[in-house]
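> please find the sequence and the predicted model below.
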Amino acid sequence: MASLFKVSIDKLKGVGSKSAEYLAKLGISSVGDLINFYPRAYEDWSDSSTFSGACGKKDQCLRVQVLGECVSQRIRGGKMLYRVEVTDGINVGDVIFFNNRFTPQSMKQGNFYILRGTVKNSGRKYEIISPKVKGIESENNIFPVYSQTSGITSNKIANFVKTALEMLPEHIAETLPQWILEKYNLCSYDFALKNIHFPKNKEDLKKARSRLVFDEFFIYQLGLGFIKKQSRIFTDIKIKDDNIEEFYKFLPFELTSAQKRSIKECTNDIISGKYAMNRLLQGDVGSGKTAVAAAVSYLVAKNGYQVAVMAPTEILASQHYNTFCKFFKDTGLKICLVCGSLRTKEKKRIQQEIEWGFFDIVIGTHALISEKTMFKNLGLVVTDEQHRFGVKQRSALINKGIAPHTLVMSATPIPRTLALIVYGDLDISVLDESLPGRQKIDTFRIDENKRLRALNFIKGIVDEGGQAYIVCAGIEENENDIIDVETYYDKMLSDIFEEKDVGILHGKMSPNEKDEVMARFIEGKLKVLISTTVIEVGVDVANARVIMIENAERFGISQLHQLRGRVGRSDKKSYCILVSNSKSRDANQRFGAMTSSNDGFYLSEEDLKLRGPGDFFGTNQHGVPNIGIPTKYEDVYLVKQAQDAAAELLGSGAPLEAPEFKFIKNKLSKSFELNGENSGKGVIF
Ligand code: ADP
Ligand code: MG
C-alpha cells in the first residue's frame, strides 16, 4: 500500500493533466494525498422531511414519488420551465426546473427520488425549485463535500477518491496496535479511510471520524512525549552565585509578586542543578513576561553561561534587544542581536564572537537556529511567544548546547481543559496578576457606518497625545471586500489625519522597512499605525491607547485578544474597536466574548467551545499535524483518550522497531523529525 500512496496523482484513472494541476492547488499530488484529503462537510440525505415540514426552510431533503410525466412550457424571457408532479405520501407538489430538461425528464413516473433544496408554498401548491436529485436506490445517504478550487468540483473530487479507494488492496493494513483499538473502541484504519469519504450512515461516519481524529492527537501526544523525554535530562550547568535579587535594582519598576514568584520558581529549578529546567511561563498579554525572562537570564549569564532568547519576528527580537540593553546597562554583561536582515559580514562577525563566548546574551529570530550560529557554552534557552514556533524549532535551539535550561513563554492562554494535555510534563509558572495601575480595555463592536465616528474618537485620543493602531486583514486592494493596509489612508483617513503622522506596516515590506516604521511609531513620531497582524505578537508601545480592527470577523478570539493586548500598556484608559458588518453567528459570538471579557483564560475556553480542539491546536501550535477534519468541542474527550493511550504506550517500553509500529514511527518522524539519535534507539521510552 505504501507504494500506492506514492503514486503520482496523474496516474489515477480519469485524472488528466488539467485536473492534476487543480488538485495540486489543493495540496494533492499523490494518490495517497487524495485518500487523505478528507471531506470538509457532508450532505446528509438520510433525514427526509415532508413538504409541509420543509416549507420555508433552506436545504431540505424530501423523499418523493413521481406522479406524472414531465411537462414543459415556455415562459417570459424565452426560458423553458419543466415541471414534475410528485408526492411525499401526504401532499402533492411540483418539482420545477428552468432551462434544464435533462434532470426532470430522467425522473420516471412511479419511481422514488430524494430531492434536496428549498421548499416554498406558491399559495396553490408546494414547489421545490431546481433541487438536487438522487435516485432512491443509491446505497448511501450521506455524501461528501470536499473543499474545492476553481476548475474542480466537489463531485469530481469524490469520483477521483472513489477510483483511488478501489485501487487499494481489499484490506488496508492497520496502523495502531490492536489493544488500543479495543480499549478505546476504535474502528479499523481500513474502515475509517473508506467511511470518512463514503459512509453508509451517520454511525459509520462517526466511527470513521473518531478514529482519524484520535490518530492525529495520538501521534501528537506521542511526539510530545518524546520531546519531553528529551528535555528531562541531567545537566552539568553549575550555578555558584545565586543572588538574583541584586538584579531587581537594575529594573525601572518594582516587580509584581507574581513576577517574583515565577522568577523564584525558575531559579529553584536552575539552582537545584540536577535536571535541566523545562518550564513554561504563561501569562496573558502585557503581564510582564520579559522582565521574568531577563531576571532568569541574568542568573545564568552572570555564572558564566550564555543565554539565547528567540523571538518569532524581527520586530519583536529587536524590541527584546532594546529592553534587555536597558535592563542590563549597568550589569557588565554583553548582549547582541542576530537576525536575518543583518548584513552578511556583520552577521559573520557576530556569530564568530558568539562562538568565542564574547556575548553573554544572544537575542534573535530563527536565525539563531541556523547552523552558522554556534555557542561556546549555552546555559539557557528562552523562547518567546512559544506558540509561534514548532516543537522542532525549539529542540533545534536546545541542541545547540549541552542540556541547557529552557524557559518557554506563551501569551496564548491554553484552556484549563487542555493545558495538562498540551503541556503535561512541563512545569508551569503563571503570571496571573495584572501590572500595577493597569485599567480594563474597553471594547466595542461597531458596524462600518459608525467608522467615521470611531475615527474621530481616535483623533481625539491622538490629540491628547496618545497613539493608535488600525489593523486590516489585507495588504493590497482585493476583490474580497477586505479593507487593505495600502489604500486605507487615502480612503478613510486623509480627511482626519495628516499623512506625515500615519505609517503603514505589513509582512511584504523588507525587514529594514518594517523596523524603520516601527521605530518611528515607538518614538512617537508616527501617531497612527495602519498594519496587518504583523504587530500581533508582543509589540509594546506604552503610549498606544486605541486599536481598531477592521474586518474583525476574519480573526479568531485568541488573535483578537492578542491584538487587543497591544494597547492598555500604561495607566491610561485604552480602547479596542472591532469593526465588522458580519451577521454570522460565529463571528458575533466571538465579538460577544471579546466585549464581555479581558481575561485571556476565560476567552481561550470560549474559543475552544467555538472551534473544537483540532482547530485550536492547528492554529495555536505550529508544527502540530493538521487533522484535515473539522473538530468540535465534543472531541475534547478524544484528545484525552489519545493522551492516555500515548502515555500507556510510552510507559510500556515497547520497541519502536517492531513491525506493528512501522506506521506510527514513520508518521512521528515526519511530523516531529524524531530521527536518528532522538528516536530512542528502538525503544519508545
Ligand atoms: P508580555 O507579558 O506581554 O510580554 P511585557 O513583558 O512586554 O509583557 O511587559 C509589558 C510592559 O509592562 C512593558 O513595558 C514592561 O516594561 C512593563 N512592565 C513589566 N513588569 C512591570 C512591573 N512590575 N511594573 C510596571 N511595569 C512593568
Ligand atoms: Mg512579550
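Now that the structure is in, tell me what you want to look at. Ligands and ions are numbered 1, 2, ... in the order given.
> enumerate the residues of the chain near ligand 1.
Contact residues, the chain versus ligand 1 (Cβ under 6 Å from any ligand atom): 253-256, 259, 283, 285-291, 411, 435-436, 538, 540, 542, 569. Any C-beta I mention is one placed from the backbone N, CA and C, and that applies to glycine too.
> which strands and helices lie in contact with the longest helix along the chain?
Secondary structure of the chain per DSSP state H: the longest helix is helix 202-231. Using 3 or more Cβ pairs under 8 Å, 6 or more residues apart in numbering; DSSP states H and E as the contact test, the elements touching helix 202-231 are helix 189-197, helix 391-398, helix 613-620, helix 636-652, helix 662-672.
> and these, which one is worst for confidence?
Comparing mean pLDDT across the helices and strands packed on helix 202-231, the weakest is helix 613-620, with a mean of 58.
> related to what we said a few turns ago, so which of the residues of the chain next to ligand 1 belong to helices?
259, 289, 290, 291.
> determine which two of these are furthest apart.
259 and 290 (10.1 Å; Cβ to Cβ).
> more crowded one of those two?
Shown here are residue 259 and residue 290; by other Cβ atoms under 10 Å, residue 259 has more neighbours (25 against 19).
> can you check the pLDDT for that one?
Looking at residue 259, its pLDDT reads 96.
> repeat for the one 5 residues further on
According to the prediction, residue 264 has pLDDT 96.
> hang on, it is in a helix, isn't it?
Yes - per DSSP: H, G, I helix; E, B strand; the rest coil, residue 264 lies within a helix segment.
> quick thing: my sequence starts at 52, can you match it?
New numbering, starting at 52: the last item is residue 315.
> residue 265 is in contact with residue 694, isn't it?
No - counting by Cβ atoms under 8 Å, residue 265 stays clear of residue 694, with 10.6 Å between them.
> find the nearest non-adjacent residue to the residue in the stretch 552-701 of the chain positioned nearest to ligand 1, please.
In the stretch 552-701 of the chain, the residue that lies nearest ligand 1 is residue 591 (4.2 Å; Cβ to the nearest ligand atom). Nearest residue to residue 591 in three dimensions, chain neighbours excluded: residue 620, at 5.9 Å (Cβ to Cβ, 6 or more residues apart in numbering).
> and that neighbour, how many residues sit next to it?
Residue 620 has 20 nearby residues by other Cβ under 10 Å.
> ditto for residue 582
Residues lying near residue 582 (other Cβ under 10 Å) number 27.
> dig out what it forms beta bridges with.
Bridge pairing for residue 582 (DSSP bridges) gives the partners residue 522, residue 556.
> residues contacting residue 109?
Residue 109 makes contact with residue 169, according to Cβ atoms under 8 Å, 6 or more residues apart in numbering.
> does it belong to a helix, a strand or coil?
coil.
> give me the pLDDT for it.
For residue 109, the model assigns a pLDDT of 81.
> need phi/psi at it.
phi -80, psi 150 (degrees, to the nearest 10).
> surely residue 414 meets residue 368?
Yes - between residue 414 and residue 368 there is a contact under Cβ under 8 Å: 5.8 Å.
> what about the two, which has more around it?
The neighbour comparison of residue 414 against residue 368 (other Cβ under 10 Å) goes to residue 414, with 29 against 25.
> pLDDT weak spots in the stretch 402-551 of the chain?
For the stretch 402-551 of the chain, applying pLDDT under 70 flags the ranges 437-443, 445, 467-468, 471-476.
> how about the strands of it, start to end?
Applying DSSP state E, counting those that start in this stretch to the stretch 402-551 of the chain gives strands spanning 412-415, 429-434, 456-461, 478-482, 493-497, 518-522.
> tabulate the ones you listed in a markdown table, adding columns for distance to residue 599.
Formatted as a markdown table, the strands of the stretch 402-551 of the chain follow (distance: least, Cβ to Cβ, whole Å):
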| stretch | distance to residue 599 |
| --- | --- |
| strand 412-415 | 31 |
| strand 429-434 | 31 |
| strand 456-461 | 26 |
| strand 478-482 | 27 |
| strand 493-497 | 9 |
| strand 518-522 | 5 |
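> closest to residue 145 out of the ones you listed?
strand 493-497 (44.3 Å).
> quick one: buried residues of the closest one?
Buried residues in strand 493-497, counting neighbours by 16 or more other Cβ atoms under 10 Å, are found at 494, 495, 496, 497.
> surely the third one meets residue 632?
No - if you go by Cβ under 8 Å, residue 496 and residue 632 don't touch, sitting 10.6 Å apart.
> ranges for the helices of the stretch 152-301 of the chain?
Ranges of helices within the stretch 152-301 of the chain are 153-157, 205-218, 229-234, 240-248, 253-282, 296-299, based on DSSP state H, counting those that start in this stretch.
> where does the stretch 52-201 of the chain dip in pLDDT?
Across the stretch 52-201 of the chain, the ranges flagged by pLDDT under 70 are 52-55, 188-191.
> distance check, residue 182 against residue 518.
56 Å (Cβ to Cβ, to the nearest Å).
> can I assume residue 627 sits in a strand?
Yes - applying three-state DSSP, one finds residue 627 inside a strand.
> residues near the nearest residue to residue 420 once chain neighbours are set aside, how many?
The shortest distance from residue 420 to any residue other than its chain neighbours is 4.6 Å, reached at residue 447 (Cβ to Cβ, 6+ apart). Burial of residue 447 is recorded as 18 neighbouring residues (other Cβ under 10 Å).
> just residue 546 next, same as before
Residue 546: 7 surrounding residues under other Cβ under 10 Å.
> where's the nearest residue to residue 380 once chain neighbours are set aside relative to residue 550, distance?
Leaving aside its sequence neighbours, residue 380 sits nearest to residue 301 (Cβ to Cβ, 6+ apart; 7.3 Å). Counting by Cβ to Cβ, the gap from residue 301 to residue 550 is 41 Å.
> of these two, who's got more company?
Counted by other Cβ under 10 Å, residue 301 and residue 550 do not tie: residue 301 has more neighbours, with 15 against 10.
> the more buried one against residue 384, yeah?
No - contact criterion Cβ under 8 Å: residue 301 and residue 384 do not qualify, at 10.3 Å.
> count of neighbours near the closest residue to ligand 1 within the stretch 102-251 of the chain?
Residue nearest to ligand 1 within the stretch 102-251 of the chain: residue 198 (35.5 Å; Cβ to the nearest ligand atom). Counted with other Cβ under 10 Å, residues neighbouring residue 198 total 14.
> who's in contact with it?
For residue 198, the contacting residues are 77, 91, 205, by Cβ under 8 Å, 6+ apart.
> what's the end-to-end length of stretch 349-361?
End-to-end distance of stretch 349-361 (Cα to Cα, to the nearest Å): 16 Å.
> you'd agree residue 124 is in a strand?
Yes - counting by three-state DSSP, residue 124 falls inside a strand.
> beta partners for it?
In beta-bridge terms (that is, DSSP bridges), residue 124 pairs with residue 132.
> what about it, how many neighbours?
Neighbours of residue 124 (other Cβ under 10 Å): 9.
> residues making contact with stretch 651-662?
Stretch 651-662 is contacted from outside by 335-336, 462-469, 607-609, 612, 637, 640-641, 644-645, 648, 667, 682, 684, 687, using Cβ under 8 Å, 6+ apart.
> buried residues in it, which are they?
651, 652, 654, 655, 656, 657, 658, 659, 660, 661, 662.
> stretch 71-91 now?
Residues 71, 73-74, 77, 79, 81-86, 88-90 are the ones in stretch 71-91 that count as buried (16+ other Cβ under 10 Å).
> just the ones of these in helices?
71, 73, 74, 82, 83, 84, 85, 86.
> now those residues in a markdown table, with distance to residue 97?
Putting those into a markdown table (distance: Cβ to Cβ, whole Å) gives the following:
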| residue | distance to residue 97 |
| --- | --- |
| 71 | 34 |
| 73 | 30 |
| 74 | 29 |
| 82 | 29 |
| 83 | 30 |
| 84 | 29 |
| 85 | 26 |
| 86 | 24 |
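> from those residues, which is closest to ligand 1?
Nearest to ligand 1 among those, counting by Cβ to the nearest ligand atom, is residue 84 at 39.5 Å.
> pretty sure that closest one sits against residue 58.
No - with contact defined as Cβ under 8 Å, residue 84 does not count as touching residue 58 (10.2 Å).
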